[in-house]
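Asker: Need the 3D shape of this:
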Amino acid sequence: MSTNAFLDYELVTRRVKVGNEWQTKVFPVVGGRLRIVHESNDHLSIETQIVKLESDFVVVRATVETTKGKFSGTGTASTQRDARLADALVELAETRAIARALRFGGIGSEYTSAEEVSHVVAEPELSTGGNESKVGKPVLEPQESENKQETKQPVHPKNGGNGNGGRATGAQCRALYALSKKAKMCDEDLDSLLRPLNSTRFEDLTLSDASRLIQYFQTQIAA
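Answerer: Predicted coordinates for the structure are as follows:
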């Protein structure tokens, strides 16, 4: 598929080091792939499944079904590689998995998604004389699928509130159920956490509230 299928703002161009030389590469964001697949398919299904969930490493598998068939992709995220988004590993891994599944399904198949290389450092820029840093910048802050938030500040769940984006994703809900069970939370404990967030179940949470709860549970488990 040609880059013409992507809109200008859906493409990121950066010079990255390949071997011993710097090369100019084009990376489509996952939002571009999602737009194209929605526009070109009357039948579309996207499902995600958490394969591995640890406090510092997450693996998610995505399955995309279009008129061409079913295509799967796996995405990973870790605190070591993705330190800047360490509080959103589930969302990041899910985004990468969806991007890879769409790529395998023929949506921009010749291009690696920007989210897959968000940890790669771009070519250092020369200083213009001031105290500007010469350290390269990351390729891109990952654009999460379907209105997901990017970086989220750690906030205790009792400081809740709705209105931050769409509803929690399936991957987030599955992570919350798994983590709450691992943290040995009873129904009363969960109710005390969800009520201030104007929710009665994990599926009612917003994206940002779900992300904060995931981080909270991980903190409780690690304590």
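
Asker: Can you mark which positions in stretch 9-21 are buried?
Answerer: Glu10, Leu11, Val12, Arg14, Arg15, Val16 (16 or more other CB atoms under 10 Å). Where C-beta positions appear, they are placed from N, C-alpha and C, glycine not excepted.

Asker: What helix or strand is the residue nearest to the spatial centre of the chain located in?
Answerer: In the chain, the residue lying closest to the centroid (CA atoms, centre = their mean) is Leu92, at 2.3 Å. Applying DSSP states H and E as the criterion places Leu92 in helix 89-104.

Asker: Domains in the chain, by residue range?
Answerer: Domain assignment of the chain by automatic domain parsing yields the ranges 1-124+137-143, 152-223.

Asker: Kindly reformat those domains as JSON lines containing mean pLDDT.
Answerer: Compiled in JSON lines, those are given as follows (pLDDT from 0 to 100):
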{"stretch": "domain 1-124+137-143", "mean pLDDT": "81"}
{"stretch": "domain 152-223", "mean pLDDT": "75"}
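
Asker: Look up how far Ala99 lies from Thr206.
Answerer: 23 Å (CB to CB, to the nearest Å).

Asker: hang on, the earlier thing: show me which positions of the helix holding Leu92 end up buried.
Answerer: The neighbour-count check on helix 89-104 (16+ other CB under 10 Å) flags 89-103 as buried.

Asker: Tell me the helix or strand right after it.
Answerer: Assigned by DSSP H and E, the successor of helix 89-104 is helix 170-182.

Asker: Give me the contacts around the helix or strand following that following helix.
Answerer: Note on helix 170-182: by DSSP H and E, the next helix or strand toward the C-terminus is helix 187-194. Helix 187-194 is contacted by residues Pro157, Lys158, Ser180, Met185, Thr200, Arg201, Phe202, Asp204, Leu205, Leu213, Tyr216 when judged by CB atoms under 8 Å, 6 or more residues apart in numbering.

Asker: for these, which one is nearest Ser72?
Answerer: Phe202 (24.7 Å; CB to CB).

Asker: Tyr9 belongs to a helix?
Answerer: Yes - assessed by DSSP: H, G, I helix; E, B strand; the rest coil, Tyr9 belongs to a helix.

Asker: still on that earlier bit, just how off-centre is the helix holding Leu92 within its chain?
Answerer: What separates the centre of helix 89-104 from the centre of its chain is 7 Å, taken as CA atoms, centre = their mean, to the nearest Å.

Asker: Give the other helices and strands that that helix contacts.
Answerer: helix 30-39, strand 45-53, strand 57-66, strand 69-78, helix 170-182, helix 207-222 (3 or more CB pairs under 8 Å, 6 or more residues apart in numbering; DSSP states H and E).

Asker: 6 Å instead, please
Answerer: With contacts defined as 3 or more CB pairs under 6 Å, 6 or more residues apart in numbering; DSSP states H and E, helix 89-104 has these neighbours: helix 30-39, strand 57-66, strand 69-78, helix 170-182.

Asker: what's the most buried one of these?
Answerer: For those, average neighbour numbers computed from mean count of other CB atoms under 10 Å are highest in strand 57-66, which has a mean of 22.

Asker: quick revisit: now, among the buried residues of helix 89-104, which is nearest to Leu176?
Answerer: Val90 (9.2 Å).

Asker: which residues does the nearest residue to the closest one once chain neighbours are set aside contact?
Answerer: Spatial nearest neighbour of Val90, chain neighbours left out: Ala175 (4.8 Å); criterion: CB to CB, 6 or more residues apart in numbering. Counting by CB atoms under 6 Å, 6 or more residues apart in numbering, Ala175 touches Ile50, Leu53, Val90, Ile214.
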